[in-house]
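A.B. asks: Generate coordinates for the sequence data below:
(chains A and B)
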There are 2 protein chains.
Amino acid sequence: MSEKIRWGIIAPGGIANAFADGLQILEEAEITAVASRSMERAESFAAKYKVSKIYDSYKSLAEDTDIDAVYIATPHSFHKETAIICLEKGKAVLCEKPIGINENEMLEMINCAKENKAFLMEAMWTRFLPVINEVKQYVEKGLIGEVSLVKANFGFKGDINPEKRILNPKLAGGALLDVGIYPLTFADLVYNKETLEIKSMMSYTETGVDQDSTIILDYGSGKRAEVSISIKDYIPHEGLIVGTKGNIKLDRFFMPTSAIVEIEGEDPREIKIPFLKNGYEYEAMEVMSCIRERKLESSIMPHEKSLRILRTMDRIRKQWNFKYPGEN
Amino acid sequence: MSEKIRWGIIAPGGIANAFADGLQILEEAEITAVASRSMERAESFAAKYKVSKIYDSYKSLAEDTDIDAVYIATPHSFHKETAIICLEKGKAVLCEKPIGINENEMLEMINCAKENKAFLMEAMWTRFLPVINEVKQYVEKGLIGEVSLVKANFGFKGDINPEKRILNPKLAGGALLDVGIYPLTFADLVYNKETLEIKSMMSYTETGVDQDSTIILDYGSGKRAEVSISIKDYIPHEGLIVGTKGNIKLDRFFMPTSAIVEIEGEDPREIKIPFLKNGYEYEAMEVMSCIRERKLESSIMPHEKSLRILRTMDRIRKQWNFKYPGEN
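C.D. replies: Residues are numbered from 1 along each chain as shown, chains lettered A, B, ... in the order given. As a prediction, this is how the structure comes out:
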């Protein structure tokens, strides 16, 4: 391994640009190659981030022995096959969320990672953010009492082009996989356990993906979460953790740089930690640290945590009787 | 009828004091009498508000021909019998919320009101507040697009004395009737229709009343509400109305003097209307206006709106299999 961790970027769209921006401040990171089905897009990305190698196939990038880690930013429905191409070549893989469209997909990816002794992690950047860690400390120390309610909203008006990912069932579109994973992760960050009962209400888009939903989840012992998501409504991106002695509010809970803590009888206080760059650097740092330590899983975000969220989303979709094309 | 509307106050506790404070700025209102089972409390109230007549029984107050309107602030479980005593004497009745512990109780009260040609209204003051009216205008004019999500939270640590109202099943305690009626009313203010499906999760106190719950309600056509309430947790008292083009947030949604409207592509704007006094004056003004016009129901808050909320709460408690002592 060279001194720097050499990254290959697959599918250089908006999120890959954000990730590459994050990498810029990490001295030990280098973007070595980019692969896209659109050469125009690959060249533009390469020029922007001074990337020397350009590939028109994901497989060619995977076969490049100068690459240590691959960041995968394809639509959800291509995550599994793309990750497997890379894992089979022993690459460390950081794959955008959701890492698969269901639990079974990730189980296949994990098998492949284990067979090839390759590192695999879902790019759920929220789990690595400093404010999130600080908020977890507040909760774990009992500063807001015993927590029994977590709430998170996330909604926006998605691209209305039915061919584009968000409305397209073939690309695993819909609110749950795209935005729902964030509030579900937020609840999981607090409770860190499997969901027991789930109840929900939802509606479909004309294209046949889930448009909006409200979901309540039981984590046992009266601990609950509530999540409202949408790809058509202007829902504030707010997270709330409620305890017997206080509560914590986070604006943009999936990428917070601050949080407001209110404890009974005290003035509200603010947790404020700006990003080093744009927030994506923290997950990249974790991947690089794991690679250097030859770990095959992150201890902050082990496979099991991704699987747990996927299982929850599978159960929710089962309630809705909602499958993606080709899903069993 | 004299020039002034002469009020009798039944059960002069905290809420009755707040109501009496509100009446102070209304020149056409006079507090003529107070009745309490505790003479000490009645005398203290009478001294504070310069009330000339004191009764130790609700019936005696009801029989006082110098009284036009009665405000009833007993615990929920006594509302029906107390209101009926007053309605039978033809008094206009403003009864604290919930007006009955279930729909059947209010139906009995309405029958009595009709037989005696007496005015009857539930003291759901939120429905009369200027900011609420302004927010309704925003929604009705479509300024935040089509609304399909209403959320409201309301939680606090209630009195932990098991004999006191909030934890006492005999006094119709619990979170739903005490605080849940506010967020349910908030959703009703927006949708103004019967709830179709309801799903919920809840837990009980050791005393056997509902401690906290999260409730999702379907109003048809993908329109939903979500309500989280508690009598043990420190839940912010926030209301949120979400549309396709924007949203409206209300702090202390049940007694707001301001609201923040966010419309896509525009700077957030604030609706701000201070109370004339403390907010209770508006429901009193409505009662007095109805009395002068010889109306038997308020058009802003007709019986049917109270019944609709009671039906919803009945259905929620039925899901929980939760009855108060003596309820069928």
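A.B. asks: pretty sure A:Asn153 is in contact with B:Lys151, am I right?
C.D. replies: Yes: counting by C-beta atoms under 8 Å, B:Lys151 is a contact partner of A:Asn153 at 7.4 Å. Bear in mind the C-beta positions are built from the backbone N, C-alpha and C, glycine included.
A.B. asks: Pull up the overlap in contacts between the two.
C.D. replies: Residues touching both A:Asn153 and B:Lys151 (C-beta atoms under 8 Å, 6 or more residues apart in numbering or on different chains) are A:228, B:240.
A.B. asks: how distant is stretch A:277-292 from the center of its chain?
C.D. replies: Offset of stretch A:277-292 from its chain centre (C-alpha atoms, centre = their mean, to the nearest Å): 14 Å.
A.B. asks: what comes up buried for it?
C.D. replies: A:277, A:279-288, A:290-291 (16 or more other C-beta atoms under 10 Å in any protein chain shown).
A.B. asks: One more: stretch A:79-93?
C.D. replies: Under 16+ other C-beta under 10 Å, the buried positions of stretch A:79-93 are A:79-80, A:82-89, A:91-93.
A.B. asks: which one of these is nearest A:Ser203?
C.D. replies: Lowest distance from A:Ser203 to the buried residues of stretch A:79-93 (C-beta to C-beta) belongs to A:His79, with 26.1 Å.
A.B. asks: what sits against the closest one?
C.D. replies: A:72, A:95-96, A:98-101, A:105, A:109.
A.B. asks: near chain B, which residues of the stretch 51-200 of chain A?
C.D. replies: A:144-145, A:148-149, A:151, A:153, A:155, A:157, A:197, A:199-200 (C-beta under 8 Å from any C-beta of the partner chain).
A.B. asks: make it 10 Å
C.D. replies: A:144-149, A:151, A:153, A:155-157, A:196-200 (C-beta under 10 Å from any C-beta of the partner chain).
A.B. asks: just the strands in the stretch 51-200 of chain A please.
C.D. replies: Counting by DSSP state E, counting those that start in this stretch, the stretch 51-200 of chain A has strands at residues A:53-55, A:69-72, A:92-95, A:120-122, A:147-155, A:198-204.
A.B. asks: want to throw these into JSON lines with mean pLDDT and distance to A:Asp21?
C.D. replies: Formatted as JSON lines, the strands of the stretch 51-200 of chain A follow (pLDDT from 0 to 100; distance: least, C-beta to C-beta, whole Å):
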{"stretch": "strand A:53-55", "mean pLDDT": "98", "distance to A:Asp21": "19"}
{"stretch": "strand A:69-72", "mean pLDDT": "98", "distance to A:Asp21": "12"}
{"stretch": "strand A:92-95", "mean pLDDT": "98", "distance to A:Asp21": "15"}
{"stretch": "strand A:120-122", "mean pLDDT": "98", "distance to A:Asp21": "19"}
{"stretch": "strand A:147-155", "mean pLDDT": "97", "distance to A:Asp21": "22"}
{"stretch": "strand A:198-204", "mean pLDDT": "98", "distance to A:Asp21": "34"}
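A.B. asks: A:Glu264 is nearest to which of these?
C.D. replies: Nearest of the strands of the stretch 51-200 of chain A (C-beta to C-beta): strand A:147-155, 13.9 Å.
A.B. asks: Taking strand B:147-155 as reference, get the angle to that closest one.
C.D. replies: Between strand A:147-155 and strand B:147-155, the angle comes out at 160 degrees (axes from the mean of the first three to the mean of the last three C-alpha atoms, to 10 degrees).
A.B. asks: Quick check: what element follows strand A:147-155 along the chain?
C.D. replies: Next along the chain after strand A:147-155, taking DSSP states H and E as the criterion, comes helix A:175.
A.B. asks: tell me the secondary structure for A:Ile260?
C.D. replies: Using DSSP: H, G, I helix; E, B strand; the rest coil, the structure places A:Ile260 in strand.
A.B. asks: Check the gap between it and A:Phe275 for me.
C.D. replies: Distance of A:Ile260 to A:Phe275, given as C-beta to C-beta, to the nearest Å: 18 Å.
A.B. asks: Next: A:Lys223.
C.D. replies: From A:Lys223 to A:Phe275 the distance is 30 Å (C-beta to C-beta).
A.B. asks: Backbone dihedrals for the residue nearest to A:Lys114 when sequence neighbours are not counted, both of them.
C.D. replies: Sequence neighbours aside, A:Leu296 is the residue nearest to A:Lys114 in space, at 7.3 Å (criterion: C-beta to C-beta, 6 or more residues apart in numbering or on different chains). The phi/psi pair for A:Leu296 (degrees, to the nearest 10) reads phi -100, psi -10.
A.B. asks: likewise A:Met39?
C.D. replies: The phi/psi pair for A:Met39 (degrees, to the nearest 10) is phi -60, psi -30.
A.B. asks: Is it in contact with A:Pro12, as I believe?
C.D. replies: No: applying C-beta atoms under 10 Å, one finds A:Met39 not in contact with A:Pro12, separated by 11.0 Å.
A.B. asks: and for these two, which residues touch both?
C.D. replies: A:46, A:54 (C-beta atoms under 10 Å, 6 or more residues apart in numbering or on different chains).
A.B. asks: Which one of the two is surrounded by more residues?
C.D. replies: A:Pro12 (27 against 12; other C-beta atoms under 10 Å in any protein chain shown).
A.B. asks: Please tell me how far that one sits from chain B.
C.D. replies: 29 Å (C-beta to the nearest C-beta, to the nearest Å).
A.B. asks: Mind telling me what element the closest residue to that residue other than its chain neighbours is part of?
C.D. replies: The shortest distance from A:Pro12 to any non-neighbouring residue, by C-beta to C-beta, 6+ apart, is to A:Phe45 (3.7 Å). Secondary structure assigned from DSSP H and E places A:Phe45 in helix A:39-49.
A.B. asks: model confidence over that helix, on average?
C.D. replies: For helix A:39-49, mean pLDDT is 97.
A.B. asks: Which positions in it come out as buried?
C.D. replies: So helix A:39-49, judged by 16+ other C-beta under 10 Å, has buried residues A:42, A:45-46, A:49.
A.B. asks: domains of chain A?
C.D. replies: Chain A breaks down by automatic domain parsing into domains covering A:5-125+A:279-284, A:130-274+A:309-320.
A.B. asks: Send over the helix or strand containing A:Ser228 as CSV, restricted to the C-alpha atoms.
C.D. replies: Taking DSSP H and E as the definition, A:Ser228 sits inside strand A:224-230. Only the C-alpha atoms of strand A:224-230 are listed here, as CSV (Å, rounded to 0.1, in the frame of the first residue of the first chain):
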residue,chain,number,x,y,z
ARG,A,224,-40.8,4.6,20.2
ALA,A,225,-39.7,6.4,17.1
GLU,A,226,-41.8,8.3,14.5
VAL,A,227,-40.7,9.2,11.0
SER,A,228,-42.5,11.2,8.4
ILE,A,229,-41.0,11.3,4.9
SER,A,230,-42.0,12.5,1.5
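A.B. asks: So what are the sheet partners of it and their directions?
C.D. replies: strand A:147-155 (parallel), strand A:210-218 (antiparallel) (DSSP bridges).
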